[in-house]
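Asker: I would like to see how this sequence folds:
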Amino acid sequence: MRAALSQVGSFNRPIQLLLINQLTINVGFYMLMPYLAGYLSNNLAMATWMVGLILGMRNLSQQGMFLIGGSLADRIGYKPMILAGLGLRVAGFAMLGFTQSVPTLLVASALTGLAGALFNPAVRAYLAAEAGERKVEAFALFNVFYQAGILVGPLIGLALLGVAFRWVCVVAAALFLVLLVLQARALPSRRGTGDKPQQSMLADWRQVVRHRPFLLFSLAMIGSYVLNFQVYLGLPIEVRRVTGGEAGVAALFAISGILTVVGQVRLTNKIKARWTPAHAITRGLLLMGASFVPLALAAGLPSASTSRPLGWFDYLLALAPVLISTVLLTFATMIVYPFEMATIVNLAGERTVATYYGFYNTLSGIGIAAGNLLTGLALDAGRSSGFPALPWIALTATGIVCATAITALGKRGNFNSQATIAPTEATSAAAPTRPVTANSR
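Answerer: The predicted structure is shown next:
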């Protein structure tokens, strides 16, 4: 942690503000969202399908608008989109605390998701532009502040929940309002290092899709998001299976957050000095796949008995494979994330970077949705067929496939991409055709 704090001081004021921005965003978000489903189902007595619809609205509006949010950030600047997203989050969270009608709750959930679609690509593109050659270190710090918010947020929310859920919403909205004012006054205006796009957003999107190295990298990385998302899906299910309770789920998030906050910067610095980005991402993906091996080996162990509670030793013993998997998965994510984010910028050639981040996030969101469906089917199939290791073996294979794909891309030179981006009709008409490489500025 000391290394992280020391490195924060080595960056300029805009980057420091962006780190505070992300910490506060996650504190505000995670102090409310983990408890929203319980409030809707228990306090408002909503049916489960209605709760799912309201929660799903946030995810749909966020994933569906990432690309538009990124394109707008490239056109009007990063700061206006950050401020717009923070403003929408204030409105969305306030509405969640002061309304009980389903239509209004759906609107509030949609505003909350749209807010993320506006500020997420802008924040990452701003950070990359300000960091320059130090993108990897900047994104390592970004992940530290990101995880710190996830650690702190639920604790604050739990304390406020003892008063009333409305107070959770009010405090969360107030945090975003304070952040909005701070960023409006202190964050300098910023555009990307390239020129302002001279073509339509549709032409930009076609250009991104035609950028073969970037598209292949995005597709190869989808599996990493499916694997990483198991902290929210597969691992909690396994905790409930082997312990019969929920307490171990909190331990998963605590372990993941603490490891990242304490070790991310030091680990990234060591890796950067020894490995290329392609090697770092490939080995991180292999470790992601390997993290599910302990669960595959322990899959045949019996489920927890509901007739009597487990003693503390038996509890830890039952939880050990899941905890080992969590530690390995966390380290794998710590290895991959900074180099992954920097690679997106390099492949984009630092032009319309927010659009590239928006497209990447949209593709990842689609992959997570499909991956969750397939993982759920594999979990059900494994139980019904008497082969409970099936989902964990499939996830391990996913990591190997993704690592193999990244290795192939690295051998073809796509991480130092000099490949041209196919010119669109708009760019061809506006100027003489010139190859846009990943190193163009």
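
Asker: From now on I want contacts and neighbour counts done on CA atoms only, so please keep to that.
Answerer: OK.

Asker: check contacts around residue 172.
Answerer: 28-29, 31-32, 90, 93 (C-alpha atoms under 8 Å, 6 or more residues apart in numbering).

Asker: element containing it, please.
Answerer: helix 165-186 (DSSP states H and E).

Asker: What residues sit buried inside the strand or helix carrying residue 94?
Answerer: Take DSSP H and E as the rule and residue 94 turns out to sit in helix 78-98. The neighbour-count check on helix 78-98 (16 or more other C-alpha atoms under 10 Å) flags 78-97 as buried.

Asker: what's the answer for stretch 159-172, then?
Answerer: 160-161, 165-172.

Asker: just stretch 40-47 next, same as before
Answerer: 40-41, 46.

Asker: packing partners for the top helix by length along the chain?
Answerer: Secondary structure assigned by DSSP state H gives helix 312-348 as the longest helix of the chain. Helices and strands touching helix 312-348, as assessed by 3 or more C-alpha pairs under 8 Å, 6 or more residues apart in numbering; DSSP states H and E, comprise helix 135-161, helix 212-228, helix 234-243, helix 247-274, helix 277-290, helix 293-297, helix 353-385.

Asker: Go again with 6 Å.
Answerer: helix 135-161, helix 277-290 (3 or more C-alpha pairs under 6 Å, 6 or more residues apart in numbering; DSSP states H and E).

Asker: Mean pLDDT and distance to residue 370 added to these, as JSON lines?
Answerer: Below are the helices and strands packed on helix 312-348 laid out as JSON lines (pLDDT from 0 to 100; distance: least, C-alpha to C-alpha, whole Å):
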{"stretch": "helix 135-161", "mean pLDDT": "92", "distance to residue 370": "25"}
{"stretch": "helix 277-290", "mean pLDDT": "96", "distance to residue 370": "18"}
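
Asker: Looking at those helices, spot the one closest to residue 359.
Answerer: Ranking those by proximity to residue 359 (C-alpha to C-alpha) places helix 135-161 first, at 18.7 Å.

Asker: next one: that closest one to chain centre, how far?
Answerer: Helix 135-161 has its C-alpha centroid displaced from the chain centroid by 12 Å (C-alpha atoms, centre = their mean, to the nearest Å).

Asker: try stretch 54-61
Answerer: Using C-alpha atoms, centre = their mean, the offset of stretch 54-61 from its chain centre is 16 Å.

Asker: go on, stretch 345-361?
Answerer: 16 Å.

Asker: ditto for stretch 387-407
Answerer: Worked out by C-alpha atoms, centre = their mean, stretch 387-407 lies 20 Å from the chain centre.

Asker: what does it rub up against?
Answerer: 220, 282, 285-286, 288-290, 292, 296, 299, 378-379, 382 (C-alpha atoms under 6 Å, 6 or more residues apart in numbering).

Asker: Mind listing what's buried along it?
Answerer: 388-407.

Asker: With stretch 206-222 instead?
Answerer: Going by 16+ other C-alpha under 10 Å, stretch 206-222 has these buried residues: 206-215, 217-222.

Asker: Dump it to PDB, keeping only the CA atoms.
Answerer: Extracted in PDB, the C-alpha atoms of stretch 206-222 (Å, rounded to 0.1, in the frame of the first residue of the first chain):
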ATOM      1  CA  ARG A 206     -17.000   0.900 -38.800                       C
ATOM      2  CA  GLN A 207     -13.400   2.000 -38.500                       C
ATOM      3  CA  VAL A 208     -13.100   0.300 -35.100                       C
ATOM      4  CA  VAL A 209     -14.700  -2.900 -36.400                       C
ATOM      5  CA  ARG A 210     -12.300  -2.900 -39.400                       C
ATOM      6  CA  HIS A 211      -9.300  -2.500 -37.200                       C
ATOM      7  CA  ARG A 212      -8.400  -6.200 -37.300                       C
ATOM      8  CA  PRO A 213      -5.700  -6.400 -34.600                       C
ATOM      9  CA  PHE A 214      -8.000  -4.600 -32.100                       C
ATOM     10  CA  LEU A 215     -11.000  -6.700 -33.000                       C
ATOM     11  CA  LEU A 216      -9.100  -9.900 -32.600                       C
ATOM     12  CA  PHE A 217      -7.600  -8.700 -29.300                       C
ATOM     13  CA  SER A 218     -11.100  -7.800 -28.000                       C
ATOM     14  CA  LEU A 219     -12.600 -11.200 -29.000                       C
ATOM     15  CA  ALA A 220      -9.600 -13.000 -27.400                       C
ATOM     16  CA  MET A 221     -10.100 -11.200 -24.100                       C
ATOM     17  CA  ILE A 222     -13.800 -11.900 -23.800                       C
END
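
Asker: and it, how far from the chain's centre?
Answerer: Counting by C-alpha atoms, centre = their mean, stretch 206-222 comes out at 18 Å from the chain centroid.

Asker: now swap in stretch 159-174 and tell me
Answerer: How far stretch 159-174 lies from its chain's middle: 25 Å, per C-alpha atoms, centre = their mean.

Asker: So, low pLDDT: which residues of the stretch 51-200 of the chain?
Answerer: 192-198 (pLDDT under 70).

Asker: now do 80
Answerer: 52, 191-199 (pLDDT under 80).

Asker: which of the buried residues of stretch 206-222 lies closest to residue 183?
Answerer: residue 208 (29.9 Å).

Asker: any idea how far residue 74 is from that closest one?
Answerer: As for residue 208, its distance to residue 74 is 13 Å (criterion: C-alpha to C-alpha, to the nearest Å).

Asker: what do you get for residue 264?
Answerer: 29 Å.

Asker: Kindly report the same for residue 14.
Answerer: Residue 14 sits 18 Å away from residue 74, going by C-alpha to C-alpha.

Asker: domain parsing for the chain?
Answerer: The chain breaks down into these domains under automatic domain parsing: 1-190, 200-441.

Asker: which of the residues in stretch 225-241 are buried?
Answerer: 226-231, 234-241.

Asker: burial of residue 323, as a residue count?
Answerer: 23 (other C-alpha atoms under 10 Å).

Asker: cool, and residue 186?
Answerer: For residue 186, using other C-alpha under 10 Å, the count is 11.

Asker: wait, what's in contact with it?
Answerer: Residue 186 neighbours (C-alpha under 6 Å, 6+ apart): none.

Asker: Many thanks, I have nothing further to ask.
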